[in-house]
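**Student:** sharing a sequence plus its predicted fold:
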Protein chains: 4
Amino acid sequence: MSEPAPATTVGATPGDWRQIEPTPLPVTLSAAKDAFHDRGFHGTSIRDIAARAGVSLPTLYYHHENKQGILVALLEAGMNSVLGRVRAAIADATTPTEQLSNAIEAIVLHMTADLELASVARELRYLDHDNPHRQHYVGMRTEVEDLLDDILRRGIASCDFHVDGDARELLRYLLGACQEVTTWYHPSGARSPAQVAASYAATSLRAVGAGPTTNV
Amino acid sequence: MSEPAPATTVGATPGDWRQIEPTPLPVTLSAAKDAFHDRGFHGTSIRDIAARAGVSLPTLYYHHENKQGILVALLEAGMNSVLGRVRAAIADATTPTEQLSNAIEAIVLHMTADLELASVARELRYLDHDNPHRQHYVGMRTEVEDLLDDILRRGIASCDFHVDGDARELLRYLLGACQEVTTWYHPSGARSPAQVAASYAATSLRAVGAGPTTNV
Amino acid sequence: MSEPAPATTVGATPGDWRQIEPTPLPVTLSAAKDAFHDRGFHGTSIRDIAARAGVSLPTLYYHHENKQGILVALLEAGMNSVLGRVRAAIADATTPTEQLSNAIEAIVLHMTADLELASVARELRYLDHDNPHRQHYVGMRTEVEDLLDDILRRGIASCDFHVDGDARELLRYLLGACQEVTTWYHPSGARSPAQVAASYAATSLRAVGAGPTTNV
Amino acid sequence: MSEPAPATTVGATPGDWRQIEPTPLPVTLSAAKDAFHDRGFHGTSIRDIAARAGVSLPTLYYHHENKQGILVALLEAGMNSVLGRVRAAIADATTPTEQLSNAIEAIVLHMTADLELASVARELRYLDHDNPHRQHYVGMRTEVEDLLDDILRRGIASCDFHVDGDARELLRYLLGACQEVTTWYHPSGARSPAQVAASYAATSLRAVGAGPTTNV
DNA sequence: TATGAATGAGCATTCATTCAT
DNA sequence: TATGAATGAATGCTCATTCAT
């Protein structure tokens, strides 16, 4: 039911969480990814995707149940990518400070290395609320959030971080800043994914009141 | 060409930038605002809007040139609101630290006080690139950015802020965190607009390396 | 929501149940009637109907909710016609024999006078089982059946009719013979609607064992 | 070109025309039979049939030229069945009265014993008019009609039957009543195929004005 | 025999928009 | 001001059918 392209599985890339290659995707999903990035879910027609992919319309439907199915596949691919990166990034460090820095770096690398795929996350709102895959996706997203939340709480408890507000709101702040990267970043711009990631990590450390480990 | 509802004009509300009433809007725009918030620009049909507003389709076209025109009107209303707030907020303070705090607070109040209107900003990507109003809108947005950028640069120069990265990227970080508020905030939740705004201001000050002026 | 054409209402034509004019119908329904007669419900495309009616596709949808809605409208129009005829035909007689004769005549006149409309009844099976109008339609059909069934039972009780089988099955026999008229009758053939109706009435009287009141 | 299932050939079952087993059919035709019965020819997709039969789509095409070919196969199977039954039923009797009774009984047994197959006859209208098998099928149907017509004429001539109308129209009446059995009969209902068949035979005899040979 | 993969043409339906009134 | 009625173009999706394997 799916094209013979390497599906990224969760945590499949433990060592190379800093890698900046876009997630390999079958041609139809790759086309859909670009189309959704450019025009949004509702602004993209199934014909746009087929044309971009260079396949016929029924072929698209042979590989995917429907438009929502394509969205699901992309959302999951993207989430697998971040989740894998974040897990590996955290496992790569020990102190809360290093772990947070690594995690933010991982997230921003995800955003910049595969801008189009990462931006699809914003189309989650158009996934039918009764779609059976929604729950799974949200579960994975929650795991990412929980991983970060845990670091935050440990860092606060250990006085590595100095904040006086709501930890959950702080988490939203950090994740929000990262998520928005997809709206302004462009690979042809002056800054490399690694540079942006490092910069965002540094700013995030300051935002949580961590000591000056900053470097850009 | 527009319904007899009070159009907010730029800087019209200098004193009450902390006010939390939604921008008053004619019924058609109010309906469109909610519809765009719920289903996005392309996911909303002109009929949806008319039905929500309780008017007929031709009536909608009497008040607005077309669907893009409705989007423009909402974008401008939203931008007028933030711009007015931010200007007033900055004018209300003197030091870079206070000014940044006030500005972030103003922006977040805008996001939380009129969630639906603020969220429409994200639909700018669907405004035709050759639409004559686009330039004007982007100009206003640039003004907001420039106001913030100026504070940042002054704060860095005066050693009120301590950062070593790219100032423009730092600005994107801060604005990104604020913009994302519309994706998670809900008025019926535990936190009031004022609380979120204060918390975001405090985190932002830490993010720019300002001294501990935090309060939540 | 419906075109300005005279909708036949139940029992609206008490005196002229022998009239042989097709039920007047708005152009879209008339086109649909012919199309469904020729190609069946599923064999007819909404475009076929629009083309036959000489209207555009959206115009069709302006007047009818969807394809099922067109089917419903036709089914109801047809059933209104028979029900009205049958009621009047029965009221026009007193003895079971005369009443049955009149009723069969009325039904066959309905079948022959508006062949296409009558034949649509067979498409009921394609009306969604959860369509809210289905119940109403079936209720009307049941009324026709009950009217006939009542005549049958009274005729048997009064020894006007002589049968020894199941009365309900006998009813099905009679109605089946009448319903099938739409599959072979053609207005350009040798026999007029009145002739076929009289002949079917006579045969039906024999089928229920009524005395020789036959005439063709 | 056809699956290894016993194809019923004309007149192959002279002795057991009262048998009530469904005609044995290869799995693909059996699936198609049910599908056509449920949803009609145009309401059934080739995929529906393949899915019901549990075979792949190309496999279906291996066994049948196309969708029309499946329809032809079912029409012929059904017609073979009635024709065989009717021939045998008539050969089983001598007087017009007994022959008509037997023939009607045979036809109704065909309708009730294999409801789905019998109902496919109604889809003849969707068989392309230039399909080479159409002529053959219609020829067989005409033979059934002629067999009945002959009985009718002999019965009238011999004064076994007493009718004063058009004999061909009377034939249509009888066949119509029988054909409609497929629209209301259900095997799980109160009446057995034999009961319905006997009842219909009795009613038919009365309808042709035969003396009281009725029995149910 | 059997099937995974493909497609041109068509499906029912909805889109943004207009116009006569 | 307001609207009933209309439409060309597009929407997501499915159709019967084929072909390489």
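**Tutor:** Looks like it arrived, so ask away. Residues are numbered from 1 along each chain as shown, chains lettered A, B, ... in the order given.

**Student:** okay, CA-based contacts and neighbour counts for the rest of this
**Tutor:** Will do.

**Student:** chain neighbours aside, what residue packs nearest to A:Ala194?
**Tutor:** Closest residue in space to A:Ala194, ignoring its immediate chain neighbours: A:Leu109 at 6.7 Å, by CA to CA, 6 or more residues apart in numbering or on different chains.

**Student:** with A:Ala113 instead?
**Tutor:** A:Ile20 (4.8 Å).

**Student:** please enumerate the helices of chain A.
**Tutor:** A:27-39, A:46-53, A:57-63, A:67-91, A:96-113, A:115-119, A:132-157, A:167-179, A:181-184, A:193-207 (DSSP state H).

**Student:** turn these into CSV, columns for mean neighbour count and mean pLDDT.
**Tutor:** As requested, those are arranged in CSV below (neighbours: other CA atoms under 10 Å in any protein chain shown; pLDDT from 0 to 100):
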stretch, mean neighbour count, mean pLDDT
helix A:27-39, 21, 97
helix A:46-53, 18, 97
helix A:57-63, 14, 97
helix A:67-91, 23, 98
helix A:96-113, 27, 98
helix A:115-119, 25, 98
helix A:132-157, 17, 97
helix A:167-179, 21, 97
helix A:181-184, 18, 97
helix A:193-207, 25, 97
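
**Student:** A:Arg154 touches A:Thr95, doesn't it?
**Tutor:** No - proximity of A:Arg154 to A:Thr95 does not meet the contact threshold set by CA atoms under 8 Å, at 9.2 Å.

**Student:** related to what we said a few turns ago, okay, now the residue nearest to A:Ala113: neighbour count?
**Tutor:** A:Ile20 has 15 neighbouring residues, counting by other CA atoms under 10 Å in any protein chain shown.

**Student:** could you check the pLDDT of A:Pro4?
**Tutor:** Among the per-residue scores, A:Pro4 holds a pLDDT of 51.

**Student:** ugh, typo on my part, it should be A:Gly165
**Tutor:** Note on A:Gly165: pLDDT of 86.

**Student:** from B:Ala197, how far out is it?
**Tutor:** Using CA to CA, to the nearest Å, A:Gly165 is found at 11 Å from B:Ala197.

**Student:** and if you look at A:Gly43?
**Tutor:** The value you get for A:Gly43 to B:Ala197, if CA to CA is used, is 33 Å.

**Student:** equivalent analysis for A:His133, please.
**Tutor:** Relative to B:Ala197, and taking CA to CA, A:His133 is found at 34 Å.

**Student:** next one: A:Ile104
**Tutor:** Counting by CA to CA, the gap from A:Ile104 to B:Ala197 is 23 Å.

**Student:** and A:Ser199, by the same measure?
**Tutor:** With distances taken as CA to CA, A:Ser199 is found 24 Å from B:Ala197.

**Student:** before we move on, the earlier item: nearest to B:Glu116, of the helices of chain A?
**Tutor:** With CA to CA as the measure, helix A:167-179 is the member of the helices of chain A nearest B:Glu116 (17.6 Å).

**Student:** for the nearest residue to A:Thr28 once chain neighbours are set aside, what are its contacts?
**Tutor:** Setting aside the residues directly before and after it, A:Thr28 is nearest to A:Ala53 in space (CA to CA, 6+ apart), at 5.2 Å. Listed by CA atoms under 8 Å, 6 or more residues apart in numbering or on different chains, the contact partners of A:Ala53 are A:Val27, A:Thr28, A:Ser30, A:Ala31, A:Ala32.

**Student:** mind putting those in CSV, distance to C:Ala177 included?
**Tutor:** CSV is the format used below for those (distance: CA to CA, whole Å):
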residue, distance to C:Ala177
A:Val27, 60
A:Thr28, 57
A:Ser30, 61
A:Ala31, 60
A:Ala32, 58
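
**Student:** from these, which single one is nearest chain C?
**Tutor:** When the contacts of A:Ala53 are compared for distance to chain C, the smallest value, 29.9 Å, is given by A:Ala32; criterion: CA to the nearest CA.

**Student:** for that closest one, which non-adjacent residue is spatially closest?
**Tutor:** In this structure, A:Ala32 finds its nearest non-sequential neighbour in A:Ile49, 5.2 Å apart by CA to CA, 6+ apart.

**Student:** surely the one you found is in contact with A:His37?
**Tutor:** No - counting by CA under 8 Å, A:Ile49 does not reach A:His37; the two are 11.6 Å apart.
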